[in-house]
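**Student:** pasting the sequence and the predicted model now:
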Amino acid sequence: MSEPVNVADYFEQAAEKVDPQVWCYFEGGSGDEVSLRANAAAYSRWLLRPRMLVDVSSISLETTLLGTPVSMPLGVAPFAMQRLLDPEGECATARAAAAAGALMCVSTITSSSHAELAAAAGGSPRWLQLYVLRDRQRTLDHIAEARDTGYSALVLTVDMPLLGRRERDLRLGFQIPDDLPLPYIRGKAPAVAETLGEHFQTSPALTWRDLEWVAAESGLPIVLKGILTREDALLAVEHGAAAVYVSNHGGRQLDGVAAGLDALPEVVDAVGGRCEVYVDGGIRRGTDVAKALALGARAAFTGRAVACALAVDGEPGVRRVLGLLRDELELALGLLGCTSPAEVVRSHVEPTVPYDPPA
Ligand SMILES: Cc1cc2nc3c(=O)[nH]c(=O)nc-3n(C[C@H](O)[C@H](O)[C@H](O)COP(=O)(O)O)c2cc1C
């Protein structure tokens with residue numbers, strides 16, 4: 001197979017390499033996959049408006065996320081069970097992210113322990129994506145472990161009170177292998193032929209009040225992941241969220257919701273600069289990240305681009321895909337006439353069709 005030159009090449013090679021019964025879990029969305037397709041399509045509905053005759057001989061992509069310095073405004077979204085794609089799993093991703101100076105969000109459904117990750121990626125910036133489980137004591141233990149192993153923020157995912165229905169998984173019979181370690185969600189007893197739903201004992205009873213509970217228990221800044229409306233963005237700010245992370249969970253939860261990018265402007269508007277805003281879903285190009293920045297995101301995150309690269313070539317693959325996206329973003333900024341992420345503003349994009357925000 002030839003060396004991938006872009007994210008699409010990694011997608012193609014990953015789909016060829018990984019067992020279809022496993023790949024369905026990584027590639028697929030929920031229901032009719034309307035929201036999954038919407039994510040990728042959203043970027044092509046925004047055109048870039050470059051400015052000429054700007055000195056771009058020195059471009060820096062460096063920024064901070066909740067005060068943490070990172071090399072670029074693109075991080076690794078939390079995605080589950082990475083050892084299904086590579087024997088080193090999350091540790092490979094963590095080492096590659098550390099080498100790239102990129103922030104990594106580690107899933108609660110990680111197949112590597114936080115101690116293993118700390119050993120693999122030392123002091124590199126890592127945030128823990130938290131699912132609050134029905135068993136609150138288990139969540140408290142998880143938060144304590146996160147604090148002790150160097151996580152500097154919690155990304156509380158709020159769009160999964162119930163698990164989306166992922167029909168590719170059902171059709172192909174995706175099952176979590178018995179020997180896959182899932183230290184923060186798996187039951188203590190050996191599991192046999194478990195479905196995803198049996199495993200994900202996330203609490204369906206989580207409410208806004210619990211946000212303060214998680215913040216108090218952890219003492220860490222809370223990023224709310226899965227926000228798609230201005231109403232919830234306002235509540236997030238009121239409840240003290242340190243950041244709002246706009247996401248439709250890679251089109252894997254409620255099908256029929258907006259793409260992350262399409263929900264971004266109304267969230268940015270509602271937040272009005274009171275906290276940082278991030279976005280994910282469908283990032284495949286550096287120009288996608290540039291569009292997200294122009295629409296007000298401080299950073300974007302990518303899940304499947306990293307998953308594909310991990311499947312194709314493990315740690316070097318993830319290193320390479322982050323490098324490719326970094327190079328593409330730097331080129332995009334330069335050609336837009338910008339020398340830093342902060343210089344990318346709303347006037348650098350225009351919608352291909354008039355943007356008509358919901359009332
Ligand atoms: C295989 C897979 C597993 C995921 N697992 C989690 C998870 O454990 N927690 C979470 O908050 N989001 C999870 N997500 C959603 C991602 O964090 C992110 O929102 C999504 O992948 C972004 O879309 P993209 O894959 O197009 O970049 C997962 C996504 C995928 C594809």
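**Tutor:** Perfect, thanks for sending it.
**Student:** use CA for all of it now, contacts and neighbours both
**Tutor:** Noted.
**Student:** how far is stretch 96-110 from where the chain is centred?
**Tutor:** How far stretch 96-110 lies from its chain's middle: 10 Å, per C-alpha atoms, centre = their mean, to the nearest Å.
**Student:** flag every buried residue along that stretch.
**Tutor:** Across stretch 96-110, burial judged by 16 or more other C-alpha atoms under 10 Å covers 96-98, 100-110.
**Student:** let me have those residues in CSV, extended by secondary structure and pLDDT.
**Tutor:** CSV is the format used below for the buried residues of stretch 96-110 (DSSP: H, G, I helix; E, B strand; the rest coil; pLDDT from 0 to 100):
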residue, secondary structure, pLDDT
Ala96, helix, 98
Ala97, helix, 98
Ala98, helix, 97
Ala100, helix, 98
Gly101, coil, 98
Ala102, coil, 98
Leu103, coil, 98
Met104, strand, 98
Cys105, strand, 98
Val106, strand, 98
Ser107, coil, 98
Thr108, coil, 97
Ile109, coil, 97
Thr110, coil, 98
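**Student:** does the ligand sit close to stretch 153-167?
**Tutor:** Yes. Under the criterion of C-alpha under 6 Å from any ligand atom, the ligand is reached by stretch 153-167 at Thr157.
**Student:** within the helices and strands, which one has Leu47?
**Tutor:** Here Leu47, judged by DSSP states H and E, is contained in strand 46-48.
**Student:** just to revisit the earlier point, now, which of the buried residues of stretch 96-110 lie close to the ligand?
**Tutor:** Answer for the buried residues of stretch 96-110 near the ligand (C-alpha under 6 Å from any ligand atom): Ser107, Thr108, Ile109.
**Student:** tell me the contacts of the spatially closest residue to Pro341 that is not a sequence neighbour?
**Tutor:** Distance criterion C-alpha to C-alpha, 6 or more residues apart in numbering; nearest residue to Pro341, sequence neighbours excluded, is Leu61 at 6.0 Å. The neighbours of Leu61, taking C-alpha atoms under 8 Å, 6 or more residues apart in numbering as the test, are Ser71, Met72, Pro73, Glu330, Thr339, Ser340, Pro341.
**Student:** distance of Leu61 from Glu145?
**Tutor:** Plainly put, Leu61 is 32 Å away from Glu145 if you go by C-alpha to C-alpha, to the nearest Å.
**Student:** of the contacts of Leu61 - the most surrounded one?
**Tutor:** Highest neighbour count within these: Pro73, with 28 neighbours (other C-alpha atoms under 10 Å).
**Student:** need the contact list for it.
**Tutor:** Leu61, Glu62, Thr63, Val289, Arg298, Ala299, Ala300, Pro341.
**Student:** filter those residues down to the buried ones.
**Tutor:** Among the contacts of Pro73, the ones that count as buried by 16+ other C-alpha under 10 Å are Leu61, Thr63, Val289, Arg298, Ala299, Ala300, Pro341.
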